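Student: My questions are about this predicted structure, shown below with the sequence.
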Amino acid sequence: MNDSLPAAGTRESATTAVIPLHRTPYPFWLVSDTGSGVSMSMLSFAMPLIALMITNSPAQAGVISAITVVVRIFATMLGGVLADRHSRGRIMVIGGIASTILSAGFTALAWSGSLTFATLLAASIVMGFSSTVFAMATDPMLKDIVPASMVGRATAANQGRDATISLTSGPLSGSLLGVGTWLVGAVMTVIDAIALVASVLLVRRTERATPAPVQAAPPVRRGFRAARGELGEAFRWLWRRRDLMNLIVIVMLINMGIGIIVTTTIYSLQQNGASGFEIGLVTASTGVGMLVGSFAAPWAVRTVPTGLLVVITLTWFTVGSATLILVNSIGGIAITLMLCCLVSPAVNACLGGYMMVATPSAMLGRVNAAESVMMGIVAPVAPLVAGFGFTLVGRTPTIGIGIALTVTSIVVMMATKPTRSIPVDAGWQAHAATFERPAERVRA
């Protein structure tokens, strides 16, 4: 890290804001996070298909997926606690080692023909737990290595990477599965190894520049009761922060609305006889829109006040979604969804970046875990509403439910001053400080 950069969690001077990202440890972080993200996406895409291939039973494949989801939720909470207790960079290194070994082990099982329902369930649980628990240190580490005034631009830059992963991981995994299950594991092993090397270089760079610990970690306490208490502290802190709780509610409404709209559209296409390839093209169009929109996201984050930008982007998506009621062709639906998703990277970068800046570094892991749990609670709502709504009332009214939720998110955003008045990224830290308690201000 360049010696002129401030220590993690400090308030940097005005000159810090112009330091380019490549002069921070961010490139090492990006390679590590990208490798881990690609590996996890490949695993998430391939595992249900492998389960169907091995068991030839949708019920057994569903059991594997359901149990893995539950394990991941537990791993999210545990990972958040660990990320605040220990060195985040070293957690990333340990995660890289574990992922590489587990991917290699999965490759060996597949190569030897040892995959059964039992071994696949065990592999899914262990790999899902490992990838999730160690990944909880990644985002907090970003705040530790990038000045607060640049977090928005860093998260905006990540949007293009995320869109690319979503576009390529599915086709890549599908192509590899066509050759053999073992090849999926082999490629994951190579990618995990690359991520591991980047994590090691990241730790060396940050520790050489900052001899002190990256974050001021609280005294380490042991046991389930202590971990539960630390998580409870994060939930209570979030509840007191009006700006962040408002954003969480808004994101919940957005996610439910978008989920209902997209899922209902896909159900409608399938019921009307669209092929899997055609549905895949429609799904891929959302990734194309996000990839294109990601190029403008850094400019939007630093130029347009976040509160205004969120209102504009939500309005754009709501109007675009309403046109789906009138569009029925495969091409028309794909183009509409692509245009809707053009605004997603900017709003994702703003909301995610502000939450990161507003959260004290020492509890960022637990707060991220708390946010993930709250988001996970409402995750099943969209497919349930889409499934029952499409069956009972049809496509148009069900899409209307999703649109009503996105409209509600706009109303909440405009009606709450703590979120409506969030400025451009350079002013996030000062805005967030107005909602801190005096003791938190001293620690910031």
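Tutor: Received the coordinates, thanks.
Student: Okay, Asp139 and Val146: tell me how far apart.
Tutor: Noted for Asp139: a distance of 11 Å to Val146, by Cβ to Cβ, to the nearest Å. Yep, even glycine has a C-beta here, placed from its N, CA and C like the rest.
Student: So those two - more neighbours on which side?
Tutor: Val146 (24 against 20; other Cβ atoms under 10 Å).
Student: Export only the CA atoms of stretch 41-60, formatted as PDB.
Tutor: Output of stretch 41-60 as PDB, limited to C-alpha atoms (Å, rounded to 0.1, in the frame of the first residue of the first chain):
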ATOM      1  CA  SER A  41     -20.900 -19.300  -9.200                       C
ATOM      2  CA  MET A  42     -19.700 -22.500 -11.000                       C
ATOM      3  CA  LEU A  43     -20.400 -24.600  -8.000                       C
ATOM      4  CA  SER A  44     -23.900 -23.000  -7.500                       C
ATOM      5  CA  PHE A  45     -24.700 -23.600 -11.200                       C
ATOM      6  CA  ALA A  46     -23.300 -27.100 -11.500                       C
ATOM      7  CA  MET A  47     -24.200 -28.800  -8.200                       C
ATOM      8  CA  PRO A  48     -28.000 -29.100  -8.900                       C
ATOM      9  CA  LEU A  49     -27.300 -30.400 -12.400                       C
ATOM     10  CA  ILE A  50     -24.700 -32.900 -11.100                       C
ATOM     11  CA  ALA A  51     -27.100 -34.000  -8.400                       C
ATOM     12  CA  LEU A  52     -29.800 -34.700 -11.000                       C
ATOM     13  CA  MET A  53     -27.200 -36.600 -13.200                       C
ATOM     14  CA  ILE A  54     -26.000 -38.700 -10.200                       C
ATOM     15  CA  THR A  55     -29.300 -39.400  -8.500                       C
ATOM     16  CA  ASN A  56     -31.800 -39.100 -11.300                       C
ATOM     17  CA  SER A  57     -34.100 -37.900  -8.700                       C
ATOM     18  CA  PRO A  58     -35.400 -34.300  -8.400                       C
ATOM     19  CA  ALA A  59     -36.400 -35.000  -4.800                       C
ATOM     20  CA  GLN A  60     -32.900 -36.000  -3.800                       C
END
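Student: what's it in contact with?
Tutor: 61, 64-65, 68, 115-117, 120, 124, 127-128, 131, 165-166, 169-170, 172-174, 176-177, 181, 184, 187-188, 191 (Cβ atoms under 8 Å, 6 or more residues apart in numbering).
Student: buried residues in it?
Tutor: Neighbour counts using 16 or more other Cβ atoms under 10 Å place 41-48, 50-51, 54-55, 60 of stretch 41-60 among the buried residues.
Student: distance between that stretch and the chain's centre?
Tutor: 23 Å (Cα atoms, centre = their mean, to the nearest Å).
Student: What's the mean pLDDT across it?
Tutor: The average pLDDT for stretch 41-60 rounds to 82.
Student: Could you do stretch 82-91 as well?
Tutor: 90.
Student: Which segments of this protein make up each domain?
Tutor: 14-220, 235-443 (automatic domain parsing).
Student: Can I have the buried ones of the contacts of stretch 41-60 as a ChimeraX selection?
Tutor: The ChimeraX command for the buried members of those (criterion: 16+ other Cβ under 10 Å) is given here:
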select :61,64,68,115,120,124,127,128,131,165,166,169,170,172,173,176,177,181,184,187,188,191
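Student: ok, Gly185 - how many residues close by?
Tutor: 26.
Student: Please name the nearest non-neighbouring residue to it.
Tutor: In this structure, Gly185 finds its nearest non-sequential neighbour in Thr107, 3.3 Å apart by Cβ to Cβ, 6 or more residues apart in numbering.
Student: Please name every helix or strand in contact with the helix or strand hosting that neighbour.
Tutor: For Thr107, the host element (DSSP states H and E) is helix 88-111. Judged by 3 or more Cβ pairs under 8 Å, 6 or more residues apart in numbering; DSSP states H and E, the packing partners of helix 88-111 are helix 26-55, helix 117-135, helix 138-145, helix 181-209.
Student: Name the stretch from those helices that approaches Arg88 most closely.
Tutor: With distances scored as Cβ to Cβ, the stretch of the helices and strands packed on helix 88-111 nearest to Arg88 is helix 138-145 (4.2 Å).
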